[in-house]
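S.K.: No sequence on hand, only this structure:
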């Protein structure tokens, strides 16, 4: 079986791309492949914002990604630079005064592009959703 790394570039509410990434990730796992990680980059970092409130009648892809993490241990990696740029900070961030506990959902792990590149070098396929 093949190993995969998925990159999500779009936010959890602005396009179909996020839903397509979630469906693809579920298919990878359901077909017995190894999903090494899902890396959230650019606007994709909004998936990790614990302060986002998606209305119940709209698709909430963040919940789906968090379910993959809970059910299969799929690492959800959040680009630290892209997140900082968009005000999504973890509890150890320098700007703790504004948000004492940060606003990164605990299912996500803050990572850098170097970590993404390392994982990509060790996987068979890298699939991006923009």
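M.R.: Perfect, I can see it now. All figures in this text were calculated on a predicted structure; none of them were measured in a lab.

S.K.: Next up, the contacts around the spatially most central residue of the chain.
M.R.: By CA atoms, centre = their mean, the chain has its centre lying nearest to residue 40, at 3.9 Å. Applying CB atoms under 8 Å, 6 or more residues apart in numbering to residue 40 gives the contacts 8, 47-48, 76-79, 82, 108. Yep, even glycine has a C-beta here, placed from its N, CA and C like the rest.

S.K.: Buried subset of these as a PyMOL selection?
M.R.: Here is the PyMOL command that selects the buried residues among the contacts of residue 40 (16 or more other CB atoms under 10 Å):
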select buried, resi 8+47+48+76+77+78+79+82+108
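
S.K.: next one: phi and psi at residue 128?
M.R.: Main-chain dihedrals, residue 128, degrees, to the nearest 10: phi -110, psi 140.

S.K.: Could you give the bridge partners of it?
M.R.: residue 7 (DSSP bridges).
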